[in-house]
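S.K.: How does the following fold in three dimensions:
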Amino acid sequence: MNVLFAASEVTPFAKAGGIADVVGALPLAMKKLGTDVRIIIPRYETLAGSPKLEVALRDVPVMAGDVQEYCTVYQTTLPQSTIPVYFIENEKYLSRGPIYNEHGQENPFAEMSRFLFFSAAVTAVIPKLSWMPDVVHCHDWHTGILPTLLARADMANIGTVITIHNIAHQGVWNPHDIMTFLGIAETEQGFHLDARDTRGNFNVLQQGIMNATIVNTVSPTYAKEILTPEYGEGLQNTLNAQQGKLTGILNGINTARLDPMTDANIVACYDKDSLDEKVKNKLALQEQCGFAPDPTVPVLGFVGRLAGQKGIDLILDNCAHMAKTGIQL
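M.R.: Numbering: from 1, shown residues only. Okay, here's the model as predicted:
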């Protein structure tokens, strides 16, 4: 089976969050199972790492509204693998600025247009590759419109999966601007293009949920949670209507990259037979954080965005109390 991952991030080239880790690790596991898997992302202005890129395609035409744009596609491989990674370059939409545009930008439509254009570019690039995917795996709202565009481009035979990493981010905008940018008439029938969210917006993630072959989340628990008003972020009715194709698969990790026996980022490597070495890492962390090194003191760490959704408010409300217990946070 041929599978193309289409995403906004991939470790180690472009990373802002958890999507990058999944897109950088899951293909490795799928490759071991015999899947011919490849990855495609935008070529941003700055990429983490400095991959040696080869030009795979030049001057691929992509329409943005009534303007003809062109893309260059570069290619390299995922480190320590033979998995191809494609980078789509377009100076106007994809290759200026960071992965996600900063809030308060002059053009608030910029981030929406970036990822609408990326999905349109992926749709244009696929037929020009000397390889055709059986499945395109989309990730979050950034590629939510891709199942719709593939079907409209006579590639409905390609199966599509959309994985919801964070349903709080949906890609919402007024229908007119999005339809105009995509070159789709607002009167066009089919593909659920007339669907609107509870605020009357065109919702790109909602489009992905309705038009993808399969909807997936990052855990079985999350798949159940997002069916409720508390966690569905306004899309619970859409998800319940599509519940027959909704599943949840627990995120895994790259056990080769995250192996404490070979991890160059820790002071002392260890495995199950040398757990005594682990305390050296704790003492080094305490020293780095300005704490009194003490192997007997509990050290609590939080890895995540400083957002209420991640529970940072609960930590802030209780950190004074926790400090009184003598722990290091």
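
S.K.: what distance separates stretch 268-288 from the centre of its chain?
M.R.: Taking Cα atoms, centre = their mean, to the nearest Å, one finds the center of stretch 268-288 at 32 Å from the center of the full chain.

S.K.: tell me the mean pLDDT over that stretch?
M.R.: Stretch 268-288 carries an average pLDDT of 96.

S.K.: Ends of stretch 7-17, what's the gap?
M.R.: Separation of the first and last residues of stretch 7-17 by Cα to Cα, to the nearest Å is 12 Å.

S.K.: Sort out which residues of that stretch are buried, please.
M.R.: 7-11, 13-15, 17 (16 or more other Cβ atoms under 10 Å). Every C-beta, even on glycine, is put in place using the N, C-alpha and C of the backbone.

S.K.: What of stretch 132-149?
M.R.: 133, 135-149.

S.K.: Which members of the residues you listed are positioned in helices?
M.R.: 146-149 (DSSP state H).

S.K.: Quick one: those residues as JSON lines, columns for pLDDT and distance to residue 171 too.
M.R.: Listed next are those as JSON lines, based on pLDDT from 0 to 100; distance: Cβ to Cβ, whole Å:
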{"residue": "146", "pLDDT": "98", "distance to residue 171": "12"}
{"residue": "147", "pLDDT": "97", "distance to residue 171": "14"}
{"residue": "148", "pLDDT": "96", "distance to residue 171": "12"}
{"residue": "149", "pLDDT": "97", "distance to residue 171": "14"}
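
S.K.: re the thing from before, between which two of the buried residues of stretch 132-149 is the distance greatest?
M.R.: 133 and 141 (20.6 Å; Cβ to Cβ).

S.K.: one step back: narrow the buried residues of stretch 7-17 to those in strands?
M.R.: Taking DSSP state E, every one of the buried residues of stretch 7-17 sits outside strands.

S.K.: And those residues, which is closest to residue 153?
M.R.: Nearest to residue 153 among these, with distances taken as Cβ to Cβ, is residue 7, at 19.5 Å.

S.K.: Helices of the protein, residue ranges please.
M.R.: Using DSSP H, helices in the chain cover 18-32, 110-125, 146-152, 175-182, 204-211, 220-225, 236-241, 278-288, 312-324.

S.K.: got the CA coordinates for the third one in CSV?
M.R.: Provided in CSV are the C-alpha atoms of helix 146-152 (Å, rounded to 0.1, in the frame of the first residue of the first chain):
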residue,chain,number,x,y,z
LEU,A,146,-7.5,18.1,1.1
PRO,A,147,-10.1,15.2,0.9
THR,A,148,-12.5,17.7,-0.7
LEU,A,149,-9.9,18.9,-3.3
LEU,A,150,-8.8,15.4,-4.1
ALA,A,151,-12.4,14.3,-4.8
ARG,A,152,-13.0,17.4,-6.9
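
S.K.: Can you tell me which of the ones in helices among the buried residues of stretch 132-149 lies closest to residue 282?
M.R.: residue 146 (44.4 Å).

S.K.: Check the spacing between that closest one and residue 88 real quick.
M.R.: 13 Å (Cβ to Cβ, to the nearest Å).

S.K.: what's the overlap in contacts for these two?
M.R.: Residues touching both residue 146 and residue 88 (Cβ atoms under 8 Å, 6 or more residues apart in numbering): residue 122.

S.K.: Between the two ends of stretch 250-260, what distance do you get?
M.R.: Termini of stretch 250-260 sit 22 Å apart (Cα to Cα).

S.K.: Give me the contacts around that stretch.
M.R.: 18, 21-22, 24-26, 28-29, 80, 218-220, 266, 269-271, 278.

S.K.: Could you do stretch 57-66 as well?
M.R.: Against stretch 57-66 from outside (Cβ under 8 Å, 6+ apart): 68-73, 90, 92-93, 113, 117, 120-121, 124-125, 128-129, 180-181, 183.

S.K.: quick one: pLDDT of the closest residue to residue 21 other than its chain neighbours?
M.R.: Once flanking residues are discounted, residue 21 sits nearest to residue 11: 5.4 Å by Cβ to Cβ, 6 or more residues apart in numbering. Note on residue 11: pLDDT of 92.

S.K.: Number the chain from 298, please
M.R.: Okay, using 298 as the starting number, the last item reads as residue 308.

S.K.: on that earlier part again, could you look over the helices of the chain and pick the most buried one?
M.R.: helix 501-508 (a mean of 26; mean count of other Cβ atoms under 10 Å).

S.K.: now for it, which elements pack on it?
M.R.: Packing partners of helix 501-508 (3 or more Cβ pairs under 8 Å, 6 or more residues apart in numbering; DSSP states H and E): helix 407-422, helix 443-449, strand 456-461, helix 533-538.

S.K.: Please tabulate these in a markdown table, including the columns distance to residue 394.
M.R.: Output for the helices and strands packed on helix 501-508, formatted as a markdown table (distance: least, Cβ to Cβ, whole Å):
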| stretch | distance to residue 394 |
| --- | --- |
| helix 407-422 | 8 |
| helix 443-449 | 22 |
| strand 456-461 | 25 |
| helix 533-538 | 31 |
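
S.K.: wait, residue 371 sits on residue 341?
M.R.: No. Residue 371 is not in contact with residue 341 according to Cβ atoms under 8 Å; the separation is 11.8 Å.
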